[in-house]
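> What follows is a predicted structure for the sequence shown.
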Number of protein chains: 2
Amino acid sequence: MTTGSPHQFVNRMPRYEILSADAMAVLEGGWRRLISEVGVRFDHPEACRLFRAAGQDVDDDGVVRFDPDFVLEQVALAPESFAVRARNPARSLHFGGDHMVFSNVAGPPFVLDGEARREGTHADFERFLMLGHVFDELDSHGGWPCEIDDRPIDSRHLDGARAAWLLSDKPPLGTVFAGEKAEDGMALAAIVFGGRDELERGPVLHGVANVNSPLRYDIAMTDVLLAYTRANQAIVVTPFLLMGAMAPVSVPAALVQQTVEALAGIALAQLVRPGAPVMLGSFLSHTDMQSGSPGFGGPESALGLLCSGQIARRFGLPWRAGGGGLTSSQRADAQAAYEAFNTMLPAFLAGANLVLHATGWLESGLTAGYEKFMIDVEILRVLRAEFTPLLVDEASLAFDAHLEVGHAGHFLGAAHTLERFRECFYRPLLSSTASYERWRRDGSLDTTARAAGLWRAALERYEQPPFDDAIRAEMDEFIERRKRELGD
Amino acid sequence: MTTGSPHQFVNRMPRYEILSADAMAVLEGGWRRLISEVGVRFDHPEACRLFRAAGQDVDDDGVVRFDPDFVLEQVALAPESFAVRARNPARSLHFGGDHMVFSNVAGPPFVLDGEARREGTHADFERFLMLGHVFDELDSHGGWPCEIDDRPIDSRHLDGARAAWLLSDKPPLGTVFAGEKAEDGMALAAIVFGGRDELERGPVLHGVANVNSPLRYDIAMTDVLLAYTRANQAIVVTPFLLMGAMAPVSVPAALVQQTVEALAGIALAQLVRPGAPVMLGSFLSHTDMQSGSPGFGGPESALGLLCSGQIARRFGLPWRAGGGGLTSSQRADAQAAYEAFNTMLPAFLAGANLVLHATGWLESGLTAGYEKFMIDVEILRVLRAEFTPLLVDEASLAFDAHLEVGHAGHFLGAAHTLERFRECFYRPLLSSTASYERWRRDGSLDTTARAAGLWRAALERYEQPPFDDAIRAEMDEFIERRKRELGD
C-alpha cells in the first residue's frame, strides 16, 4: 500500500468528539432498531438475492430487515484504510487513518465568475480541472467539476472523462453515472492503467453511491455500487440527508438514519467482495423551513460533521465528510466564506478522510465558482497549517531571544527572528495584511476581486502533465467508437 | 453572586485541548525560568515596593525576578469566577466557568460603512453603542466602540462614558485611560451605582490592562491596574503579543511570555487586594514578515486561542480570548468573514470566558465596521447554536416519523416535522438560502449589502433603556464640572 502523495495532509491533531458515551449508546440502540424493524428497501433484484442468501429477512417489496449483528460482521470485513492509485504514482492517495483527501467541487450545473452565472461548458470543465491540478492543497481535481452543457448529453461523460485523465495526473473522483456510462468510465480507467487486471489489483477510482433516502437504494445507484465493487474500485456510500426532506428534523434521528443507510450499502459491498474498499459517507444538513431550500454551513452542517466522524470511527471505517467549503450563498462573498469555514474546520476537527467539494462550491451545490475556488484554497491552506501540531520543546521557547531583547525591546531584529522570518508564520496567498494606504494604491480590491486575479494567474501557470501517446490513441479510439454507437 | 444575564451563553460543549501533558510541562518549565531569570520590569514605584515587601528580588531598574512558587501562591488567591453587576440587574454578567461574555469592538480610530472609511465621530460612537445594546448576542456594548474625533481630546472620555451609561443598561467594558481619566470613569460608575461603597461591594466595571510587552509594565498601565483593583473592579491583565514584534517568532515562546506577563500582573493585583477579581488575558497573533503589519485570523491566531484557554484553566483563572471576529481585512468581505470565523470558533472551542471585539472589528483593529458588525452577529448566533449540546435521547430519534414516512417518502409533511418546523433548525438573520431567482428578484444583494440593511433596521428598533433622572442630573453636573476643570 502506498503511503499517499507527498502532498497529502496527515491530520495529527486531536479529534473533537462531542457525543458522550451515553449519547453513543442511544444512537447504537437507534440504528439497531431502525435497521431491524423498518429496514432498508433495495429495488435491485441482485441485492435482494444476496441479502436473502445471507439469511436476512427480505419481503416482496425488497425491504430488507437486517440482523444488526450480521451487518456488523459484514462491516468488519471492510478495510480500515486503502490506497487509490493515480496514473502518476507520486499522486496516489491513502484513504483512512489520519490521512485527509481534499477534492474539488463536483457536479454543479452552473458556473460563476465575477457577476456572471451561466451554464457550465466544456471550457469551464477544463478550467476547473486545471485549477484542481495546479494547487497541491487539492488531492483530486474532482472528476466532474461542473456540467458540460455544450456537449451532447448521451456522450458528454466520455468527453469529461477524457479531459479528466489528460489534464491531470491526480486521481479523479469517479463519475457515478449508472449502467453503460459507469461501464464506459471503468473501460477508460482500464485503458489508462493497462487493462482490467490492473483495476483488479486495487482501486484507481473512488466513486460515490448516493442512497435514495430515506431508507431506499434504487436500481441505478445499486448498479454503481455493484459495478465498482466487482471491479475492486472504492465506493463511498453516502446518504445525502437534508433534514426535513429526506430525514426527520432532528440531528440524532438523521445520524441514526445515516448509519442505517450507509451500513446497509457497505454490507452489500462486502457480500459482493469481502474486503471491498468502502467509505462511510455523510452529507447531512437541513432544509430551511422558510425558503424550503437546502441550507449548508450552519450549525446543523457542523454538528453533522462532528458527529459523523465520531460514528465512523466507532465502526472502524474511513469517513467521507459530506463536504468542506459548503455554502448556500449565491455569491463568493462573506456568507460563502463563513459557511465554507464552518464546514471545513469541523471536517478537520472530526478527522475526515475524504472532503469532497472542498473548493469552488456555491449556492448549495448548484454553482461552481471560480473566485470561491480561490477563497477555499486559502481556507484549506490556513487549516492545514492550523492542524499541524505545534512542536513544543526547549528550543521552541527561544529563551536566548529573551536574553537578547530583554524588557520592552523589539524582536524584529533579534537573531532568533532573522534566522526564521521566512518560514516562521503562515504565508497567505489571498488574504491581505496590507496597510490601508497600500491597499488603496493596489486598487482597493476586496477579497473576491483579488481571488479573480489569482485563479486567472494559476491557469497561466498550469502545465499539462505528460500522457503516453499510445494510451491516448487507444482512449480516443474507444471514445470515437462509443460516440458512434451512441449516435453522436 | 448572580448567575449572569438570562441571555448569557453557557458553553457546555467539550474543550478542544491541543497541548499534550509533555508540552504543558515544557511550557511550565519555560515560564518558571523566564519569570525567575529574566523577570518582569515594573516602572511604577508602588509595584516595586509591594513586590520587594513580599520578598521578591527587585533590582534598581525595577526588574522583578520572581520566585515562581510565590507567583502561584498569589494567583491561587484570585477567584475562579466572579460577577460584574449591570445597572439593570438582568444584564449582570458571570465571568468564569463555562460562561462566555461577548463584547462589541473597542478602540478603533476609524469607522467603515459601505465603502466610506473615515474618522470615528460621536454619532458613530453612539450608533455602535446602540447596536451593541440591541442584539442579545452581545453581553456588553464594548464601552468605547470607536474613537470620538469630533470632541476635544482632553474630555471626550467624559462624553463617551456618559453615552455608554445612558444608551445601554449592559455593563460597559471599562475605559482604560490612565490616571485622572480612569478616576473620572470610576467616579461616573460610582454615581450610576449610588456611591463608592457600591463599587466596593463588587465589580461593575471590567477593564483591560495591557502589558508593555515584552516583559514590562509602564506607569500608566500599572496605575490602571492599581486603581481598578483598589476599587474592587475587575481587571483583565492582557499581554498583547504580535510575534516578531513584542514576542519571539514562535508560538510556544509567546505562550510562555504571555504566561509570565499575565501572572506577574495578577500577582500584583492579589498583593493589593487578596481575592481581587482578575482575568488572564491573551491577545496573541503574528507580524506579517512581508508587509510588516500585524496579521489576525490566520493559523497563529487560532492556535494562540486554543493554547491560551488550556493554559488559563491550568491556573484556575477566568480567561479572556484576545478577540473573536478578528481580521486584517480592509473590507467586510470574504477574508473578513473567514478570519473572523477562525478566531470566533476557536474561542468557543477553547472555552473563552470573555471575548472582546466579537463584533465589528476590521483592519487589525484600526476600523470599526457597521456591516462587519452584522456579519459577526450572525457568526455569533451560528456558533451559539452550534455549541449547544445535542439532546440525544429516545424521543430525539423520531422513530415514529420513520414508521410514518417509510422508504423513499418525504418528511416535510410528517407529523414530527409539523410539530417542530418553527424551532427545529437555526434561523439565520443575515445568511440567505434563497433560490437564485428569488435572490435576483430581491435585488441581487451580496452579504455585505444585506448587512447594511440589517444594521440600519436594528437602529430603527433601538429603544433607550430607562435611566433615573436624578442620577442623570448628578452625572451631568459632574461632567460639566470636570469639563470646566479640563478647560473645555
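Great, that's in hand. Numbering: from 1, shown residues only, chains lettered A, B, ... in the order given.
> Could you pull up the residues touching the closest residue to chain B within the stretch 51-200 of chain A?
Residue of the stretch 51-200 of chain A nearest chain B, by C-beta to the nearest C-beta: A:V63 (6.4 Å). The C-beta positions use only the backbone N, C-alpha and C, and glycine is treated the same way. By C-beta atoms under 8 Å, 6 or more residues apart in numbering or on different chains, the contact set of A:V63 is A:G39, A:V40, A:R41, B:H407.
> Top of those residues by number of neighbours, please.
Within the contacts of A:V63, A:V40 tops the neighbour count with 27 neighbours, counted by other C-beta atoms under 10 Å in any protein chain shown.
> Could I get the full set of helices for the stretch 301-450 of chain A?
With helices called from DSSP state H, counting those that start in this stretch, the stretch 301-450 of chain A shows them at A:334-349, A:370-386, A:399-405, A:415-418, A:436-441, A:447-461.
> Just the CA atoms of the last one, as CSV, please.
The C-alpha coordinates for helix A:447-461 follow below in CSV (Å, rounded to 0.1, in the frame of the first residue of the first chain):
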residue,chain,number,x,y,z
THR,A,447,-11.1,39.6,-1.4
THR,A,448,-13.3,38.4,-4.3
ALA,A,449,-11.6,40.7,-6.7
ARG,A,450,-8.2,39.6,-5.7
ALA,A,451,-9.4,36.0,-6.0
ALA,A,452,-10.3,36.7,-9.6
GLY,A,453,-6.8,37.7,-10.3
LEU,A,454,-5.3,34.6,-8.6
TRP,A,455,-7.3,32.0,-10.4
ARG,A,456,-6.5,33.5,-13.8
ALA,A,457,-2.8,33.6,-12.9
ALA,A,458,-3.0,30.0,-11.7
LEU,A,459,-4.4,29.0,-15.1
GLU,A,460,-1.4,30.7,-16.7
ARG,A,461,0.9,28.6,-14.6
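> Okay, now the unreliable bits of chain A?
Residues of chain A that meet the criterion pLDDT under 70 lie in A:1-6, A:176.
> At the geometric centre of it, which residue do we find?
Nearest to the geometric centre of chain A sits A:L356, at 1.7 Å (C-alpha atoms, centre = their mean).
> Tell me what the residue of the stretch 51-200 of chain A closest to chain B is bridged to.
A:R41 (DSSP bridges).
> Counting neighbours, what do you get for A:L366?
A:L366 is flanked by 18 other residues according to other C-beta under 10 Å.
> Quick one: residues contacting it.
A:P108, A:P109, A:F110, B:Y436.
> got a winner among these for most neighbours?
Going by other C-beta under 10 Å, A:P108 tops those with 25 neighbours.
> For that one, which non-adjacent residue is closest in space?
Distances taken as C-beta to C-beta, 6 or more residues apart in numbering or on different chains place A:A368 nearest to A:P108, at 4.4 Å, with adjacent residues excluded.
> what's the spacing between the one you found and A:D159?
17 Å (C-beta to C-beta, to the nearest Å).
> ok, the two, which is more surrounded?
A:A368 (32 against 19).
> hang on, the more buried one packs against A:L362?
Yes - if you go by C-beta atoms under 8 Å, A:A368 and A:L362 touch, sitting 7.1 Å apart.
> Thanks a lot, catch you later.
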